[in-house]
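> Turn this into a structure:
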Amino acid sequence: MPPPALKGYEIVSEIPGGNFGSIYKAYSAKGGKTVAVKTLPAHLAKDDRLCARFRREAEIMQKLDHPNIVRVLDYAEEGNFRYLVMDWLDGMTMEKEGLPSSMVAWKLVWKPENIPSS
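Numbers count the residues shown, from 1 in each chain. Got it, this is the predicted structure:
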């Protein structure tokens, strides 16, 4: 189910494979670039504990600044609909790799070029 109209963002397509919610490729009118929009499903948005967890994720991610961590650009709540907006990263997908998301993350972290030398 596509999200409602998001202020300042135009949904382009849904990205398969979200574990906790849905992920959409979108265009930011304000930023003039492609972004990723992660949503909290409506049935989970009824749980105050999960909403707080989703909000904390956004708040913490907005404070992080590292080349190996995707940036969170925005967070919003519109009624029972919650979403965060992240930088869009082109590259491999879980489907192309044939791996679950945790395996893709592990594989990326342990690439030799990502491990700092002593």
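> centroid residue for the protein?
What sits nearest the mean C-alpha location of the chain, by CA atoms, centre = their mean, is Lys38, with 4.3 Å.
> mind checking the SS state of the closest residue in space to Val85 that isn't next to it in sequence?
In space, not counting the residues next to it along the chain, Val85 is nearest to Asp74; the distance is 3.9 Å by CB to CB, 6 or more residues apart in numbering. Quick note: C-beta positions are derived from backbone N, CA and C, even for glycine. What DSSP: H, G, I helix; E, B strand; the rest coil gives for Asp74 is strand.
> cool, and the one 3 residues further on?
Remark: Glu77 carries the secondary structure label strand [criterion: three-state DSSP].
> Now do the contacts for it.
Contact analysis of Glu77 by CB atoms under 8 Å, 6 or more residues apart in numbering lists Arg55.
> can you pull up the bridge partners for it?
For Glu77, the beta-bridge partners are Arg82 (DSSP bridges).
> cool, Ala36 as well?
Lys25, Met86.
> count of neighbours near it?
Residues near Ala36, counting by other CB atoms under 10 Å, number 18.
> The residue nearest to the centre of the chain is in contact with Tyr83, isn't it?
Yes: with contact defined as CB atoms under 8 Å, Lys38 counts as touching Tyr83 (6.4 Å).
> Mutual contacts of the two, please.
By CB under 8 Å, 6+ apart, no residue touches both Lys38 and Tyr83.
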